[in-house]
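[1] Please find the sequence and the predicted model below.
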There are 2 protein chains.
Amino acid sequence: MLVWEIVALVAGLVSIAIGALIYRWVMSQKVGNPGIEAYSVMVQEGSAAYLKRLFQVLGMLSIVLTIVLLVAVNWQTAVAYIVGATCSGAAAYSGMIVSTRANGRVAWAARSGLAKALPIGFFAGAVMGLAVVGFALVGMTILYMIFKDPEIVLGFSFGASQLALLAKAGGGIYTKTADIGADLVGKVEFNLVEDDPRNPAVVADNVGDNVGDVAGMGADIFDSYVAAVVAAMILGGALPVFSGKPAYILLPLVLSAAGILASLLGMIFVGRSGESSDPGRALNMGTIATTLIFAPLALAVVFLMGFEGNASWGLLLPTLAGLAAGIVIGFTSDRYTDIDQKPVQVTARSAETGPAIVILEGFSYGLLSMVPSIIGICVAMVAAWVLAVAFGIPGTYGVSIAAVGMLAITGMIMSSDAYGPIVDNAKGCAEYGQEGEETIAVCDRLDAAGNTAKAITKGFAIGAAALTVLALFAAYSETVDLAQLDIRNPAVIVGVFIGAMMPPLFSALLMLSVSRNAALMVEEIRRQFREIPGLLEGKAKPDSAACVDIATRGALKELLLPAALSLLTPVVVGFILGAEALGGFLAGIIVTGILFALFMANAGGLWDNAKKFIEDGAYGGKGSEAHAAAVVGDTVGDPFKDTAGPSLNTLIVVMSLSATVFAPLIAKFNLAALLDLAKLFGY
Amino acid sequence: MLVWEIVALVAGLVSIAIGALIYRWVMSQKVGNPGIEAYSVMVQEGSAAYLKRLFQVLGMLSIVLTIVLLVAVNWQTAVAYIVGATCSGAAAYSGMIVSTRANGRVAWAARSGLAKALPIGFFAGAVMGLAVVGFALVGMTILYMIFKDPEIVLGFSFGASQLALLAKAGGGIYTKTADIGADLVGKVEFNLVEDDPRNPAVVADNVGDNVGDVAGMGADIFDSYVAAVVAAMILGGALPVFSGKPAYILLPLVLSAAGILASLLGMIFVGRSGESSDPGRALNMGTIATTLIFAPLALAVVFLMGFEGNASWGLLLPTLAGLAAGIVIGFTSDRYTDIDQKPVQVTARSAETGPAIVILEGFSYGLLSMVPSIIGICVAMVAAWVLAVAFGIPGTYGVSIAAVGMLAITGMIMSSDAYGPIVDNAKGCAEYGQEGEETIAVCDRLDAAGNTAKAITKGFAIGAAALTVLALFAAYSETVDLAQLDIRNPAVIVGVFIGAMMPPLFSALLMLSVSRNAALMVEEIRRQFREIPGLLEGKAKPDSAACVDIATRGALKELLLPAALSLLTPVVVGFILGAEALGGFLAGIIVTGILFALFMANAGGLWDNAKKFIEDGAYGGKGSEAHAAAVVGDTVGDPFKDTAGPSLNTLIVVMSLSATVFAPLIAKFNLAALLDLAKLFGY
């Protein structure tokens, strides 16, 4: 099997190498406007300062957790944990580095037109995409080659998930603190446009895009990607029917290697079709091309790895089912947020009766929007399960392989995703550098393409996270070797209730953080307009650093409680109520976590587009009462879709991993066993 | 055991008889102001017209369901179903009759001061309370005396739950259509005060209070009360360890009889302490007195019924645990909605930064507010379970008896609850009858007491519903005789996901109905102010009937989809995916149903009080920008707390009953068995 380990390792190294080459190419592009350059440097400095402090927090947390793992688990897991946190940090950091340097270059290239600017934006995103999959695959493969034990690789995933939680939630608080502050004072009180250089919070807002949407999203996807692979590896090692067959442990790594190859070919496709008139379409065609290329590669992998008899089909079909489900969920999940569909338009119309009805409509449609995705996830799970069982493969392994199949094309998905904030930032650079209207119009078109791609990648990310946590759930229950997990057992019921409560609780804490910090930001911006003479007239520069500082400190301070909650709760539930209650707990967070993630992401997107629909001229357009009402909806939706919603994906993965890492310990020693809860409950 | 059956029957009959006597006393009170009288008659007519049409809809639905039950279950269940729908309708109708006649009498008595008005308001509510428990107990006892089979009594509960769903959801849509319409045009556009007689929607608004908060709430509590008793009866009959011991079937009926006696004594307590200066305190003291009286009665019942050995303790302690938990949850659940506490005040302060932050704060605190109640419910369940098991009683029966214990004092709880809308309406009557400021001030104090009592009864209702559905869940699984209900089974996972999706989906449909109908109402009110000359100057009367008609037709039309959904989904899930998936489905709706019910009720209450806090003078008081922002929060919260939130209680009970009624059929015949899903899943 060594040859397959080497295949996975080489694929990961190639991914990093090509990412580095692309980075050099992006950096070789010129910026000819010192205004753009100055702005880009401010964003670079703000982002670097934030990430540096985030890594310090992570560092302190890591020291504590390394000691805990050394004492409670074993040194190998502690090593894997450190490697995981480091690889994930490296991926997030490289994404941030390239995105904050590419923004100005895209802005300058936009002067020469779309065809010149699009490839820079896309390939800058690709650096991030390749770094994510490359560092992930290299890290997991090396750890497996050394220790030959998926339970150790789990430590890698745990480390990656730590960073993801901090980066995603912290970035989410950061970006919305700055965004809401900038909007409430700049747009509403002083009538400035988005990205107006006189607004003191504009730099912080753009830093937020980079640390939230690039570094945070990168760490989040790194986390899901690794968790899916590790869950499948653990099941491949733990299920009795696979005993003595390491190919089942290796399969997820090799499928990921095939996915990297497919993504690289898909990127070439985007690069070549980027000159077409529709950049959004180019990105989506790239995703579809990657999918089509991945399918035969998966077939080749499965059959070449030499599984006995029909097993190959029981592995290939779930992989393809996962892949197809990802694409279908991605392409259908935007019905409720699409500007051309009824929900957005009804919400926009209701803006004429004021903000309250806008909120009610968006809230309600957000809830309805869960239905198609949940059905999609259920269908994908059942299909993967049944297709695996039909060929003698256990259903849980089938589901875990479907998650791997869905996430195999992460390289491509992450590239389209990172493209969005880069071109969004490019617009900020162009505004700041006082480029002409034509350049800004090109930036706007690039930005719109990013939004189209984002609708699809977002659905994809949630579908993948759902299958991943279902696989992790199965991995957890294999690890503690649960004989039954009956919902009628009172310990399980209590676990389910407490688990189900966590995602809403976590969302609430994050949103309260945002509104607390946004209030500080509003005060600071008002102070600057009051105290800096000539600021509003454009004669003086704002003190952007002060705003960056408020966002940075606020985000890091507010992180502590939710982070502690997500790390400790599973462990506490397990130790007090036992392994079965912890199983119920995981089921609870998975269910409400997915529901709330879908609801918040879609409601937020819907309000955003309802506002855009009015800005495009409906119901009185900009400046009308309807517009003011729609802005209220959009402001409410901002932390829904950019802070709480996406952090829930990470939350459920982190909690599942926490549970699984400490599972063997919990199974051996817990208060429930000590008190003989099972006897007390008669269950 | 005949003696105990007679005890239960007599208690029920006494309850109805005393209710009738109190009704005569309330009707003997005078109204000396023709303005009040005229207004009261309009509300009476509007309410009667709505209920008549609601009963027609229910009648048609009943015909269909009776036939279904005849064909699919048996004729006895069909008979019980009709009796259940009729008894529940009778209770709701009598409540509505007395409340719409008492409002004017309370208003007139308020001229003579608080001490005269409070007893009329409270005892009018008591008529409703006694009708609910009386009709419920009489109906269940007679059916059991005839058929000697709890599974048949289940039909009674099913019938009651049908009406509850229609009455609660329909009433909720009705009342908020009228309320939001009246507020958006009357208060915001024309600066009229609440209940201003010139506002065309004021009568509809007050009709809404009666059909939503009196008839709807009555039907809802009737439903929970019956479901708790029936679930315990089924478990008492079905658990193997109880076989041949009918005392376990009868116990819930007899405990309910003891609860009626305790409630009657508690009412005397309120009647005597009503002359004190604090009417809110009088109501709460009544609840506490009832609780303290019930405890020794429960002890007497349990020991007199002659259970063998220690079993009596295993029955008494869970009963008391349930009772205590109800009181504790009730008294602690208002931390997040209390006007003197941090969440309300922080939300009020955030109104200074505009409506968006008000929404975000209220939404977040609403989510946080679930935590104490969920913990309370878990503790109550575990305590009941463990206390039962310790004395040899199965844990599921212990939980069901805890639910019965919690709901035993429903007579008193329902009375305090119905008091609220009656005195609220009294204020409308006083305004319409142009009574002096002093009278209105008395009405305001009565109303405030209603709100204090409501905070407690609301927490109580949710706690009771939670334990009840947990008991129903156990009853369902006994009925289909499930060997295992493992969350790792893919059929169960799919069931959980679909179930978990239902409460949000149902809430969304109801809220969209409200906003759709409120828009129609807004148009009608605007039309009247435009087309009726002299209306705004108070020289012409508005066309109140037109507004009543919009609310009535809208509510009934919008009911169909959610009602069909709640009836059919469990049956469809069961028939397609099998009995285990249906078990998962029930677990899913219970968890998210309770979470959303708590969240919506508390968020709505919080926004309401944040607005009141500002109206009391904070942050600029009435007319300030902060007030306008807080009004947006309140308007969003209205359908949360009065339409969707409370309907969820009913929804989870209805779905659990649907599942249990059709369970034997589903267990015998379903697609999952036909296709051998278990083999396809390898589970």
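    Looks like it arrived, so ask away.
[2] What is the burial count for the residue of the stretch 151-300 of chain A found nearest chain B?
    In the stretch 151-300 of chain A, the residue found nearest to chain B is A:Leu184; the distance is 6.5 Å by Cβ to the nearest Cβ. In short, each C-beta sits where N, CA and C put it, glycine included. Residues lying near A:Leu184 (other Cβ atoms under 10 Å in any protein chain shown) number 23.
[3] Quick check, pLDDT for it.
    Reported pLDDT at A:Leu184 in the predicted model: 82.
[4] From the chain's centroid, how far away is the helix or strand harbouring A:Leu317?
    Per DSSP states H and E, A:Leu317 falls inside helix A:311-332. How far helix A:311-332 lies from its chain's middle: 21 Å, per Cα atoms, centre = their mean, to the nearest Å.
[5] go on, stretch A:319-338?
    Computed by Cα atoms, centre = their mean, the separation of stretch A:319-338 from the middle of its chain amounts to 16 Å.
[6] quick one: buried residues of it?
    A:319-331, A:333-338 (16 or more other Cβ atoms under 10 Å in any protein chain shown).
[7] for stretch A:186-200, same thing?
    A:186-187, A:192, A:194-200.
[8] could you dump those residues to TSV with secondary structure and distance to B:Gly155?
    Converted to TSV, those look like this (DSSP: H, G, I helix; E, B strand; the rest coil; distance: Cβ to Cβ, whole Å):
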residue	secondary structure	distance to B:Gly155
A:Gly186	helix	64
A:Lys187	helix	60
A:Leu192	coil	66
A:Glu194	coil	62
A:Asp195	coil	65
A:Asp196	coil	68
A:Pro197	coil	72
A:Arg198	coil	72
A:Asn199	coil	66
A:Pro200	coil	68
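[9] ok and the residue in the stretch 451-600 of chain A nearest chain B?
    For the stretch 451-600 of chain A, Cβ to the nearest Cβ, closest residue to chain B: A:Ala508, 3.8 Å.
[10] What segments of the stretch 51-200 of chain A are helices?
    A:75-110, A:114-147, A:150-181, A:190 (DSSP state H, counting those that start in this stretch).
[11] Next, format those helices as JSON lines and append mean pLDDT and distance to chain B.
    Shown next, in JSON lines, are the helices of the stretch 51-200 of chain A (pLDDT from 0 to 100; distance: least, Cβ to the nearest Cβ, whole Å):
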{"stretch": "helix A:75-110", "mean pLDDT": "95", "distance to chain B": "25"}
{"stretch": "helix A:114-147", "mean pLDDT": "95", "distance to chain B": "25"}
{"stretch": "helix A:150-181", "mean pLDDT": "92", "distance to chain B": "8"}
{"stretch": "helix A:190", "mean pLDDT": "83", "distance to chain B": "15"}
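[12] who wins for proximity to A:Asp223 among these?
    Nearest to A:Asp223, of all the helices of the stretch 51-200 of chain A, is helix A:150-181, at 3.6 Å by Cβ to Cβ.
[13] pretty sure A:Gln341 contacts A:Arg335?
    Yes: contact criterion Cβ atoms under 8 Å: A:Gln341 and A:Arg335 qualify, at 5.6 Å.
[14] Can you tell me which residues in the stretch 201-350 of chain A are near chain B?
    A:Ser350 (Cβ under 8 Å from any Cβ of the partner chain).
[15] For chain B, what is the nearest residue in the stretch 201-350 of chain A?
    For the stretch 201-350 of chain A, Cβ to the nearest Cβ, closest residue to chain B: A:Ser350, 6.5 Å.
[16] Any idea how many residues pack against that residue?
    Neighbour tally, A:Ser350, other Cβ under 10 Å: 27.
[17] In contact with it, which residues?
    If you count contacts by Cβ atoms under 8 Å, 6 or more residues apart in numbering or on different chains, A:Ser350 has them with A:357-358, A:360-361, B:515, B:519.
[18] Relative to A:Asp634, which of those residues is nearest.
    Nearest to A:Asp634 among the contacts of A:Ser350 is A:Val358, at 9.1 Å by Cβ to Cβ.
[19] just to revisit the earlier point, among the buried residues of stretch A:186-200, which ones lie close to chain B?
    Restricting the buried residues of stretch A:186-200 to those within reach of chain B (Cβ under 8 Å from any Cβ) leaves nothing.
[20] Distance to B:Ile487 added to these, as CSV?
    CSV is the format used below for the buried residues of stretch A:186-200 (distance: Cβ to Cβ, whole Å):
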residue, distance to B:Ile487
A:Gly186, 49
A:Lys187, 48
A:Leu192, 53
A:Glu194, 47
A:Asp195, 49
A:Asp196, 53
A:Pro197, 55
A:Arg198, 56
A:Asn199, 50
A:Pro200, 51
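[21] Quick check: mean pLDDT of stretch A:352-367?
    Computed over stretch A:352-367, the average pLDDT equals 93.
[22] circling back to that earlier point, how many neighbours does the residue of the stretch 451-600 of chain A closest to chain B have?
    For A:Ala508, using other Cβ under 10 Å, the count is 24.
[23] That one contacts B:Val371, correct?
    No: with contacts counted by Cβ under 8 Å, A:Ala508 stays clear of B:Val371, the gap being 9.4 Å.
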